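>>> Next input, structure requested:
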Amino acid sequence: MRDRSAMQRLAASPTMVGALTVLIVIVAVFLAYNANNGLPFVPTYRISAEVPDAQALVRGNEVRIGGIRVGVVEEIQPLSHDDGSVSAKLDLKLDRNVKPLPADSTVAVRARSALGLKYLQITKGRSRNGLPEGSSLPLAAARPETVDIDQLLNTFDEPTRDAVQTNLREFGTAVAGRGPELNAGLGELAKTLRLLQPVARNLSSTSTGLDRFFRALEATAAEVAPVAETQAQLFVSLDTTFGALARVARPFIQETISRSPPTLETANVVLPQLRPFLRHSRALFADLRPSARLLAQSAPDLAAALRVGTPVLRATPVLNAELPPTAQALVDFGQAPGVITGINLLTRTNKLLDVVLHFVTPAQSVCNYATLLFRNVSNHLSLGDGIGTYQRFLVLNPPAGANNEGSPASGPANGPDLANHLHYNPYPNTAAPGQPKECEAGNEPYRAGQTLIGNVPGNQGTETDGQKPSKKGKS
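Numbering: from 1, shown residues only. Okay, here's the model as predicted:
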């Protein structure tokens, strides 16, 4: 009875009822405030997930599996990597009933509404291995970035809207009044689709490897992505190039294209015939290569010959005019009596002189002795006075002593004095056949204290007065 009366007294007390009401309200507000972060004293399953971008996620955002709320995002932390990239780590507080998540589960940040609210979606994998408490889903488990409705709507900015209106207007103009043609085209479309069926079957067949083709395209795009700016600059340069070509497209490039087929047909006929000529030309130029190297050395002489020959060639018309009467005079001379007999006698004479000329000719062609003889003869009487000229000569006094060249002797002067020695060469070598190639006369060295009759020992070379030095040195 005391207990009932005590309860009645408490219920009748306004102060006690108000205090209990305030306590209940405080507990309700606390539970309501923390409802987004989970109810207190409820067991949870905590894991982490790494995503490339938190994308407007905040603490307390929902975590869903199959559209059902299974937890909340408890903490968001930024991460920096060694390569300079950044990502976000999400600490998740999940309900115990989802433990354990398969190890190959994936996560994606998705839009909850058009107002910008986000939530984290977990897609369970099929692995038999579960994620233990405190483990983390790697960055590879984050799915690619999704496109939200607001991002899609933001693409339709004012320039895009103007372009869409222009396209609709132009397409409307294009199809206006062409209903019958469109109907006919749609009627033929059925035939096209029937023909397209075997093509589609071939493309969808595993043996076609169309999936490998797209993977190869993906790899190719990944390779060319680093040089995208270079390729863009290439297209800019190509625009400049094609702009320049456009200015000469007509008539020059047009005529080139129109005339190319007959040119190619002619080339197909002519080039096989030219192949032997080109092969022989290659051999000819290979043989001419040594001559071409020598041509560089002889080019100055050829240039001098051309300078001298040009005036001569200008005078050749006069010579050509005189050649016909000269040739006719030679014919008349050949037909005259006794000419043939005289030519025969001259031929025999030349044959007799051939041996002599063959022996004597090197004295001039090699040693220049005939020119020197006439030069010396012309200078022999070059001195004189008002009365006349006189000979140029030197008086040689023979040395004194026994057996000298100035008195009768029993033999050639042979000393004993150093200057009393005879030097006499009646037949010096003149590069004649059977002789050493040397010009001995006038080049003999004087050997003091030696009696020398005949050819001087050694080769004296072929250099004489008025000639260039011989390439062959003296022996």
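
>>> What ranges in the protein fall below the confidence cut-off?
1-42, 114-116, 145-150, 395-396, 401, 468-475 (pLDDT under 70).

>>> ok, which stretches of the chain are helices?
2-11, 14-33, 149-154, 158-175, 179-204, 210-224, 228-247, 254-335, 339-360, 362-365, 369-380 (DSSP state H).

>>> And the closest residue in space to Lys99 that isn't next to it in sequence, how far from Gly66?
Leaving aside its sequence neighbours, Lys99 sits nearest to Tyr45 (CB to CB, 6 or more residues apart in numbering; 4.1 Å). Heads up, the C-betas are built off the backbone N, CA and C, glycines and all. Counting by CB to CB, to the nearest Å, the separation of Tyr45 from Gly66 is 16 Å.

>>> returning to that earlier point: residues near the residue nearest to Lys99, how many?
20 (other CB atoms under 10 Å).

>>> Who does it form a beta bridge with?
Counting by DSSP bridges, Tyr45 forms beta bridges with Leu94.

>>> number of nearby residues for Ala370?
Neighbours around Ala370, by other CB under 10 Å: 13.

>>> That one contacts Ala363, correct?
Yes. Counting by CB atoms under 8 Å, Ala363 is a contact partner of Ala370 at 6.8 Å.

>>> Quick one: list the elements packing against the longest strand along the chain.
In the chain, assigned by DSSP state E, the strand with the most residues is strand 68-80. The contact analysis (3 or more CB pairs under 8 Å, 6 or more residues apart in numbering; DSSP states H and E) places strand 68-80 against strand 44-51, strand 62-65, strand 86-95.

>>> now the ones you listed as JSON lines including distance to Gly172?
Formatted as JSON lines, those follow (distance: least, CB to CB, whole Å):
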{"stretch": "strand 44-51", "distance to Gly172": "45"}
{"stretch": "strand 62-65", "distance to Gly172": "45"}
{"stretch": "strand 86-95", "distance to Gly172": "48"}
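
>>> rewinding a little: would you list the strands that the longest strand of the chain pairs with, along with their directions?
Strand pairing for strand 68-80, using DSSP bridges, gives strand 62-65 (antiparallel), strand 86-95 (antiparallel).

>>> wait, which of these is closest to Ala419?
strand 86-95 (115.0 Å; CB to CB).

>>> which residues sit in contact with the nearest residue to Ser105 once chain neighbours are set aside?
Leaving aside its sequence neighbours, Ser105 sits nearest to Gly125 (CB to CB, 6+ apart; 4.5 Å). If a contact means CB atoms under 8 Å, 6 or more residues apart in numbering, then Gly125 has 102-106 as its contacts.

>>> Kindly reformat these as CSV containing neighbour count and distance to Leu92.
Compiled in CSV, the contacts of Gly125 are given as follows (neighbours: other CB atoms under 10 Å; distance: CB to CB, whole Å):
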residue, neighbour count, distance to Leu92
Pro102, 15, 15
Ala103, 16, 15
Asp104, 15, 17
Ser105, 21, 11
Thr106, 16, 14
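
>>> Max pairwise distance over those: which two?
Ala103 and Thr106 (10.9 Å).

>>> Find the residue at the geometric middle of this protein.
Leu234 (17.4 Å; CA atoms, centre = their mean).

>>> Looks like Tyr424 contacts Ile453 (just checking).
Yes. Tyr424 is within contact range of Ile453, at 5.1 Å (criterion: CB under 8 Å).

>>> what touches both of these two?
What both Tyr424 and Ile453 touch, as defined by CB under 8 Å, 6+ apart, is the set Pro412.

>>> Quickly list the domain ranges of this protein.
Each domain of the chain is listed here as a residue range: 1-33, 43-153, 227-328, 337-475, per automatic domain parsing.

>>> Quick one: closest of those domains to Leu217.
Set against Leu217 and scored by CB to CB, these come closest in domain 227-328, at 15.4 Å.

>>> next one: the closest one to chain centre, how far?
Relative to its parent chain, domain 227-328 has a centroid offset of 25 Å by CA atoms, centre = their mean, to the nearest Å.

>>> now swap in stretch 179-193 and tell me
Worked out by CA atoms, centre = their mean, stretch 179-193 lies 54 Å from the chain centre.

>>> would you put the C-alpha positions of that stretch in PDB?
Listed in PDB are the C-alpha atoms of stretch 179-193, where the atom choice follows Å, rounded to 0.1, in the frame of the first residue of the first chain:
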ATOM      1  CA  GLY A 179       8.100  12.800 -97.200                       C
ATOM      2  CA  PRO A 180       7.800  10.500-100.200                       C
ATOM      3  CA  GLU A 181      11.500  10.100-100.500                       C
ATOM      4  CA  LEU A 182      11.700   9.300 -96.800                       C
ATOM      5  CA  ASN A 183       8.900   6.800 -97.100                       C
ATOM      6  CA  ALA A 184      10.700   5.100-100.000                       C
ATOM      7  CA  GLY A 185      13.900   5.100 -98.100                       C
ATOM      8  CA  LEU A 186      12.200   3.500 -95.100                       C
ATOM      9  CA  GLY A 187      10.700   0.900 -97.400                       C
ATOM     10  CA  GLU A 188      14.100  -0.100 -98.700                       C
ATOM     11  CA  LEU A 189      15.500  -0.200 -95.100                       C
ATOM     12  CA  ALA A 190      14.000  -3.700 -94.600                       C
ATOM     13  CA  LYS A 191      16.200  -5.100 -97.500                       C
ATOM     14  CA  THR A 192      19.200  -3.400 -96.000                       C
ATOM     15  CA  LEU A 193      18.500  -4.900 -92.600                       C
END
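
>>> Run through who's touching it.
With CB under 8 Å, 6+ apart as the test, stretch 179-193 has contacts from Val175.

>>> Please spell out which residues along it are buried.
Neighbour counts over stretch 179-193 (16 or more other CB atoms under 10 Å) mark no residue as buried.

>>> Renumber starting at 56 from here on
OK, 56 is where the count begins now, so the last one is stretch 234-248.

>>> Dihedrals phi and psi, Leu473?
phi -60, psi -30 (degrees, to the nearest 10).

>>> which non-adjacent residue is nearest it?
That would be Gly504: by CB to CB, 6+ apart, it lies 5.0 Å from Leu473.

>>> residues contacting that neighbour?
Applying CB under 8 Å, 6+ apart to Gly504 gives the contacts 470, 473, 476.

>>> change it to 10 Å
Each residue near Gly504 by CB atoms under 10 Å, 6 or more residues apart in numbering is listed here: 470-476.

>>> And Gln288, by the same measure?
Contacts for Gln288 (CB under 10 Å, 6+ apart) come out as Val282.

>>> how far away is it from Pro281?
Relative to Pro281, and taking CB to CB, Gln288 is found at 14 Å.

>>> same question, Glu377
From Glu377 to Pro281 the distance is 84 Å (CB to CB).

>>> Ok, Ala231 next?
48 Å.

>>> closest one to Gln206 among the helices and strands packed on strand 123-135?
Across the helices and strands packed on strand 123-135, closest to Gln206 is strand 99-106 (CB to CB), at 17.1 Å.
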